[in-house]
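K.L.:
prediction below, plus the sequence it came from.
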Amino acid sequence: MDAYTTHGAFSWSELMTKDAAAATQFYGPLLGWTFDTMNMPHGAYHVIKVGDTPVGGIMGPAPDAPPMPPAWGCYVTVSDVDATAARVGALGGRVLVPPMDIPGVGRFTVIGDPQGAILNLITYAPRPG
């Protein structure tokens, strides 16, 4: 199974924290993770790698984000993020962030289920190769 193309598969995990560098210093030695750091418009994004495989990321919040505690978030792959987001309301959930593009990565949305749990859904851009 390819988690980046399989509808319903968990495919990425991401930590949002005020001190992303400190988080890498904790999780790296604890779990054997290595990191590739990319400069983004609002700060560094640390891609988590297990061996040579990217599995997630660690980043700081956007400058205009409201205060929030550090938290891990998951991404689930969907075949069509726009069509999936359109079904959320009919099933009792809410679209919290409308579908939008992540250049070079794909298209995502953030939803809340009827009980209030939050989940990121993503349709990845085709990968080379």
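P.N.:
Right, received. Where do you want to start? Numbering: from 1, shown residues only.
K.L.:
could you pull out the helices for this protein?
P.N.:
Secondary structure of the chain (DSSP state H): helices located at 20-31, 81-88.
K.L.:
partner residues bridging the nearest residue to residue 81 once chain neighbours are set aside?
P.N.:
Spatial nearest neighbour of residue 81, chain neighbours left out: residue 123 (4.3 Å); criterion: Cβ to Cβ, 6 or more residues apart in numbering. To be clear about C-beta, it is placed using only N, CA and C from the backbone, and glycine gets the same treatment. Bridge pairing for residue 123 (DSSP bridges) gives the partners residue 107.
K.L.:
could you measure from residue 123 over to residue 116?
P.N.:
Distance, residue 123 to residue 116, using Cβ to Cβ, to the nearest Å: 24 Å.
K.L.:
one more: residue 11?
P.N.:
Residue 11 is 23 Å from residue 116, by Cβ to Cβ.
K.L.:
neighbour count winner among those two?
P.N.:
With neighbours defined as other Cβ atoms under 10 Å, residue 11 and residue 116 compare such that residue 11 has more, 21 against 8.
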